[in-house]
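Novice: no sequence on this one, just coordinates:
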């Protein structure tokens with residue numbers, strides 16, 4: 001999955017400045033460079049406390065006789081999401097759609113803690129201890145971050161300013177239009193090491 005995501009990221013960065021990444025550009029590049037041919041977005045009503053903020057379904061169809069099959073992905077997202085949250089959820093579900101046919105996005109505190117623990121295992125070289133579901137979830141989150149705030153951007157921020165503090169983090173979240181909750185671990189040393197490992201082994 002991450003090899004395809006990295007290709008999308010690189011092309012998006014050729015078309016957009018790192019702090020001006022547009023979801024429509026991501027969508028267009030995604031359908032141009034990956035197995036996904038068409039993407040449909042559908043909002044749905046759900047209370048904010050519901051941990052399922054997004055889900056996707058993937059299927060194939062043959063548009064006509066003697067025509068090649070097309071892969072279609074429908075991304076459903078909770079209507080209550082802020083723009084930054086919606087961008088992250090949509091990108092995460094797009095990344096998931098590269099590997100599986102359907103799934104959901106759980107953003108509960110427990111799910112986030114599990115992700116942080118998983119990245120610690122990867123950076124320590126213990127990826128075999130992760131379940132396939134956890135591995136897929138980690139990689140999809142990593143892919144969404146790569147699309148919206150790429151690793152090279154985060155490393156440059158770290159090099160120039162050090163690890164973002166409570167004052168700087170909201171400014172980065174606003175600049176790159178990404179949820180602050182996701183950035184809390186995006187700049188974590190274990191996460192950076194894990195991402196470097198994942199990208200080099202994808």
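Specialist: Received it, and whenever you're ready, just let me know what you need. Given the structure is predicted, the values throughout are model-derived calculations rather than measurements.
Novice: elements contacting the lengthiest helix in the chain?
Specialist: Criterion DSSP state H: the longest helix present in the chain is helix 132-148. Packed against helix 132-148 by the contact rule (3 or more Cβ pairs under 8 Å, 6 or more residues apart in numbering; DSSP states H and E) you find helix 2-15, helix 83-97, helix 109-123, helix 180-186, helix 189-200. The C-beta positions use only the backbone N, C-alpha and C, and glycine is treated the same way.
Novice: So which residues make contact with the second one?
Specialist: Okay, so that is helix 83-97. Residues outside helix 83-97 that contact it (Cβ atoms under 8 Å, 6 or more residues apart in numbering): 1, 5, 23, 26-27, 30, 36, 39, 41, 53-56, 58, 73, 75, 77-78, 81, 103, 105, 107, 136, 139-141, 143-144, 147-148, 173, 177-179, 182.
Novice: low pLDDT regions in this structure?
Specialist: Residues of the chain meeting the criterion pLDDT under 70: 100-134, 202.
Novice: Quick one: residues contacting the residue most central in space within it.
Specialist: Geometric centre of the chain, nearest residue: residue 144, 1.5 Å, by Cα atoms, centre = their mean. Going by Cβ under 8 Å, 6+ apart, residue 144 touches 88, 91-92, 94-95, 182.
Novice: Any chance of JSON lines for these, columns distance to residue 15 and neighbour count?
Specialist: Below are the contacts of residue 144 laid out as JSON lines (distance: Cβ to Cβ, whole Å; neighbours: other Cβ atoms under 10 Å):
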{"residue": "88", "distance to residue 15": "20", "neighbour count": "28"}
{"residue": "91", "distance to residue 15": "16", "neighbour count": "28"}
{"residue": "92", "distance to residue 15": "21", "neighbour count": "27"}
{"residue": "94", "distance to residue 15": "17", "neighbour count": "26"}
{"residue": "95", "distance to residue 15": "19", "neighbour count": "27"}
{"residue": "182", "distance to residue 15": "23", "neighbour count": "22"}
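Novice: From the chain's centroid, how far away is the longest helix of the chain?
Specialist: Here helix 132-148 is found 6 Å from its chain centre; the criterion is Cα atoms, centre = their mean, to the nearest Å.
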